[in-house]
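>>> All I have is the shape, not the residue letters:
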């Protein structure tokens, strides 16, 4: 027999011996507890039988005293019998005082004299009963404990009957480089999880703020729209001020839509998805910021490197995210050759996607990339922390909202500095294929 088999047999024997010991202890404990319970009940019945007679006799004496006003000889006889049957010195002394008072014939309140004896008798009964209850409770606990030990012994015997698993093969210790790599990966995962938790808390706060803001603005905006429409009716079609009032209506509707977009980005309202060509978003950005970029002296260009690609997204959310990225890029671009470029291209799958940072599902991804020739990304911007900004008039939400939008659509936001200077931000989303 091999050494491994001998060790296995020895282990099974040891387990069997331990199990038998547990079973024996459990049976002994359970049987002893049952014996104690039976003994306690017998003692209780004996004590109750012994104490019940004197107690009832005292009740009869009290009734007789009430009926005869403490002058009848029958009460005196009953008291004499009660003195003989008293179980404690205190009871006997109390009853003797009552007997002497009744025997003199002038006892005004013999019932008060026997009251201590009655109370002592009742207390004795209650104490006996409580003692029996305590013994039974302790016995029940011991019984359950004994049965538990027996069950543990059975389980131990079942487990001990299994053959021992072969000893695992020795593994070579990892070298220092491997340990360092593993530690680095764990730390990066920890920092990423902590950042996601912090961003989630911040976005929860901003979402609640936006919900409150939306509720507070709803009534004033409705009033503004109603007032403008009434003014347009009063002015008539030929009045030149109607064009300015139309602009007020447009701005009011735009403000309402911006609040709703933020609510969807923060997770307060679910995104409404549909398949949209990527080129559509390039066109929207060019139309929205082409004139503004020219006014600032910045060259704004768009380029579709993968024509026909589509994404399944909430169009208004993605448009808002791209507008935030382009506005940041326009503010950062500088110099006589200031430039901002928005391009769409096929991209590799990110390492982690979605709000929970899970591994990406198989499939193609498309990246909407915004590049500028500004000073690059500051540390706070790299973390895309909500509420952090380097611009005097900024809210600090642009990058954070863009990343939130990407993650809510199963994607990610990647930030890096360009070798030639400036920043490159890629909003990577699962591709819906080609239209």
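Yes, it's here. For clarity, every value in this text was computed on a predicted model and none was experimentally measured.
>>> quick one, phi/psi of residue 344?
Note on residue 344: backbone dihedrals following degrees, to the nearest 10 are phi -120, psi 130.
>>> Need the pLDDT of it.
You'll see residue 344 listed with a pLDDT of 96.
>>> Now it. Nearest residue, chain neighbours left out?
Residue nearest to residue 344 in three dimensions, not counting chain neighbours: residue 278, with 4.4 Å by Cβ to Cβ, 6 or more residues apart in numbering. Using the backbone N, CA and C atoms, a C-beta is placed for each residue, glycine as well.
>>> Please determine how far the one you found is located from residue 323.
Residue 278 sits 16 Å away from residue 323, going by Cβ to Cβ, to the nearest Å.
>>> More neighbours: these two, which one.
residue 278 (25 against 19; other Cβ atoms under 10 Å).
>>> The more buried one is in contact with residue 367, isn't it?
No: when contacts are counted by Cβ atoms under 8 Å, residue 278 is not listed as touching residue 367 (9.8 Å).
>>> hey, what's in contact with both of the two?
Residues touching both residue 278 and residue 367 by Cβ atoms under 8 Å, 6 or more residues apart in numbering: residue 344.
>>> Is it correct that residue 37 is in contact with residue 138?
No: checked against Cβ under 8 Å, the pair residue 37 and residue 138 is beyond contact range at 9.1 Å.
>>> Looking at the two, which one has more neighbours?
Set residue 37 next to residue 138 and count neighbours by other Cβ under 10 Å: residue 37 wins out with 19 against 14.
>>> element containing the more buried one, please.
Using DSSP states H and E, the element containing residue 37 is helix 3-68.
>>> after that helix, next one along is what?
helix 73-85.
>>> And the helix or strand following that following helix, what does it pack against?
Counting by DSSP H and E, the next helix or strand C-terminal to helix 73-85 is helix 89-104. Where contact means 3 or more Cβ pairs under 8 Å, 6 or more residues apart in numbering; DSSP states H and E, helix 89-104 is packed against helix 3-68, helix 73-85, helix 110-160.
>>> and the angle for the shortest one with helix 110-160?
Calculated by axes from the mean of the first three to the mean of the last three Cα atoms, to 10 degrees, helix 73-85 forms an angle of 40 degrees with helix 110-160.
>>> quick check: angle from helix 73-85 to helix 89-104?
160 degrees.
>>> list the buried ones in helix 73-85?
75, 76, 78, 79, 82, 83 (16 or more other Cβ atoms under 10 Å).
>>> Flag the least confident of the residues you listed.
Out of those, that is residue 75, at 69.
>>> Tally up the residues packed near residue 373, please.
Residue 373: 22 neighbours (other Cβ under 10 Å).
>>> For the spatially closest residue to residue 40 that is not a sequence neighbour, give me its contacts.
Using Cβ to Cβ, 6+ apart and skipping residues adjacent in sequence, the residue nearest residue 40 is residue 135, 3.8 Å away. Applying Cβ under 8 Å, 6+ apart, we find residue 135 in contact with 36, 37, 40.
>>> The first one is in contact with residue 139, isn't it?
Yes: applying Cβ under 8 Å, one finds residue 36 in contact with residue 139, separated by 4.8 Å.
>>> So the two - more neighbours on which side?
Using other Cβ under 10 Å, the more surrounded residue of residue 36 and residue 139 is residue 139, with 20 against 16.
>>> That one reaches residue 39, doesn't it?
No: here residue 139 does not reach residue 39: they are 9.4 Å apart, not a contact under Cβ under 8 Å.
>>> hang on, residue 311 in a strand?
Yes: per DSSP: H, G, I helix; E, B strand; the rest coil, residue 311 lies within a strand segment.
>>> residues touching it, list them.
Residues counted as contacts of residue 311 (Cβ under 8 Å, 6+ apart) are 275, 276, 278, 318, 366, 409, 429, 430, 431, 432.
>>> Let me know the closest of the residues you listed to residue 122.
residue 409 (79.8 Å; Cβ to Cβ).
>>> wait, that closest one sits on residue 314?
Yes: when contacts are counted by Cβ under 8 Å, residue 409 is listed as touching residue 314 (7.5 Å).
>>> got any ranges where the stretch 301-435 of the chain has weak pLDDT?
379-397, 435 (pLDDT under 70).
>>> what about the strands in it?
Taking DSSP state E, counting those that start in this stretch, the strands of the stretch 301-435 of the chain run over residues 309-313, 339-347, 365-372, 412-417, 423-430, 433-434.
>>> Work out the sheet partners of the last one and label each with its direction, please.
This points to strand 433-434. Using DSSP bridges, the strands paired with strand 433-434 are strand 309-313 (antiparallel).
>>> tell me the domain boundaries of this structure?
What automatic domain parsing lists as the domains of the chain is 3-160, 175-270, 272-435.
>>> how far away is residue 347 from residue 276?
17 Å.
>>> For those two, work out which one has more neighbours and name it.
residue 347 (21 against 18).
>>> Pretty sure that one sits against residue 428.
Yes: between residue 347 and residue 428 a contact is recorded at 5.2 Å, counting by Cβ under 8 Å.
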